[in-house]
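Peer 1: coords below, sequence missing:
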């Protein structure tokens, strides 16, 4: 019982029997009739009425991913809903208790995490993090930073211990950030930023230590994948792998371009190997003028420490706005494009408006599927660019990639370096994911060959130079494993 009278749990109202999804008729009526949802957070004794459409548009499974909130319909609204549904379809109310108990029983039977079938979304661990208070979330992040720091200062490090710590702390940070963002979505922007600011700070500090550990050790692929599987949610597994592999690649890239001969070798092979690709992006330039300095604004160079850490945070949070029901784009037809596009918009908008993450980290979430403007890509930047070109028809982008954010926002360059890196890491992880839904996972060799053909040679989506360096990085890791 609430101050609002008798209430009924929303998930029980709209769930279909025998686990057959949700009652779309009820969803349509609730939206059309603007029936409000009563949101209750028992831990702090808060109640508020929210439009169902706002919650649903943000997360189509919000009643299962509440971040400590529970969602109800008031008795009078439920009566109205049932009457409208009966009039529309002649349907009677669904009996869901048997189905709910069956689900609970099945979950209780799976006691050994390693024997669990991997779950779609954030996994069964997520709710424990969602139920934590903000202070408990911060304490967990700070404890993890302390653990990583203790490993960092050790002169002799055990590889398995380090990788296990990196995987566990990354997983915790991903779940905590998704949980706090879910909670923040119920508040106005300024209030949401206050709620999330301490989590943002603690995450950033943890990432600094984590990134230093990864930079010291490019780690064993097999061991990493084994440990990642201990997290039983597909999204958090993906986020963990992308974060660790993304940082590992940035460290490898820095080591490579710091070598005096590496950039010179690229200059020598540029005309024969890369110029034709980049000229398609810079058609207004004379082909002979398309050189490495027009690919990388200011020239190819190592990443500064401050940028390195901001980008690492961006790799970690790039999918925290994703709803648990959404799976990953694999370059195949077997996915809902509109749903996938929406996760990028949702994540970008929520991180930008509800948190104080560095702008660099936030924009990585919105720009990591741009694909150099190819129709298969999507993101906010292309829409902004189209508007800008309408007002400034003579504008030309004279560079392909910028390390700084401002030249991209000023439309001087096509792409932001960390977003182009994340595109590659993201696609590679999706097609090699052992839990891939639509097809069997590719081997590293198969994945790299497919990406070169489909994402460079047939249609220029990912960056050719960064891709070749990434392919060398994967080969280096395999040599270490072997």
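Peer 2: Great, that's in hand. Owing to the predicted nature of the structure, the values given are computational and were not obtained by experimental measurement.

Peer 1: Now do stretch 395-408, average pLDDT.
Peer 2: Mean per-residue pLDDT for stretch 395-408: 92.

Peer 1: Let me fix that, I meant to ask about stretch 422-442.
Peer 2: 84.

Peer 1: Repeat that for stretch 356-368.
Peer 2: Averaging pLDDT along stretch 356-368 gives 87.

Peer 1: and if you look at stretch 158-178?
Peer 2: Averaged over stretch 158-178, pLDDT sits at 91.

Peer 1: Give the buried residues for it.
Peer 2: Neighbour counts using 16 or more other Cβ atoms under 10 Å place 162-178 of stretch 158-178 among the buried residues. Yep, even glycine has a C-beta here, placed from its N, CA and C like the rest.

Peer 1: Which ones among these map onto helices?
Peer 2: If you go by DSSP state H, the buried residues of stretch 158-178 have 162-178 in helices.

Peer 1: Just the pLDDT at residue 332, thanks.
Peer 2: For residue 332, the predicted pLDDT is 44.

Peer 1: Domain boundaries for this structure, per the record?
Peer 2: Per automatic domain parsing, the structural domains of the chain span 7-109, 134-481.

Peer 1: And the last one, how far out from the chain middle?
Peer 2: Read it as domain 134-481. Distance of domain 134-481 from its chain centroid, counting by Cα atoms, centre = their mean, to the nearest Å, is 9 Å.

Peer 1: okay, now the closest residue to residue 175 other than its chain neighbours: neighbour count?
Peer 2: Leaving aside its chain neighbours, residue 175 sits nearest to residue 129 (4.3 Å; criterion: Cβ to Cβ, 6 or more residues apart in numbering). Neighbour count of residue 129, defined by other Cβ atoms under 10 Å: 22.

Peer 1: how about residue 129, what does it touch?
Peer 2: By Cβ atoms under 8 Å, 6 or more residues apart in numbering, the residues touching residue 129 are 137, 172, 175-176, 179.

Peer 1: CSV please, covering the domains of the chain and showing distance to residue 122.
Peer 2: Converted to CSV, the domains of the chain look like this (distance: least, Cβ to Cβ, whole Å):
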stretch, distance to residue 122
domain 7-109, 7
domain 134-481, 4
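
Peer 1: Pick the most deeply packed of the ones you listed.
Peer 2: Mean neighbour count (mean count of other Cβ atoms under 10 Å) peaks for domain 134-481 among the domains of the chain, with a mean of 18.

Peer 1: so where's the stretch 101-250 of the chain shaky on pLDDT?
Peer 2: For the stretch 101-250 of the chain, applying pLDDT under 70 flags the ranges 101-121, 218-219, 230-233.

Peer 1: Average pLDDT for stretch 270-279, rounded please.
Peer 2: Mean pLDDT, stretch 270-279: 97.

Peer 1: Quick check: next helix or strand after the helix or strand harbouring residue 128?
Peer 2: In this structure, residue 128 sits in helix 126-130 according to DSSP states H and E. Downstream of helix 126-130, the first helix or strand assigned by DSSP H and E is helix 134-152.

Peer 1: and that following helix, what does it pack onto?
Peer 2: Contacts defined by 3 or more Cβ pairs under 8 Å, 6 or more residues apart in numbering; DSSP states H and E place helix 134-152 against helix 159-184, helix 189-216.

Peer 1: Show residues contacting that helix.
Peer 2: Against helix 134-152 from outside (Cβ under 8 Å, 6+ apart): 129, 132, 157, 161-162, 165-166, 168-169, 172-173, 176, 179-180, 195, 198-199, 202-203, 205-206, 209-210, 212-213, 216.

Peer 1: mind redoing it with 7 Å?
Peer 2: 157, 161-162, 165, 169, 172-173, 176, 180, 195, 198-199, 202-203, 205-206, 209-210, 212-213 (Cβ atoms under 7 Å, 6 or more residues apart in numbering).

Peer 1: quick check: angle from it to helix 189-216?
Peer 2: 20 degrees (axes from the mean of the first three to the mean of the last three Cα atoms, to 10 degrees).

Peer 1: Helix 134-152 vs helix 159-184, what angle?
Peer 2: Using the same axes, to 10 degrees: helix 134-152 against helix 159-184 is 160 degrees.
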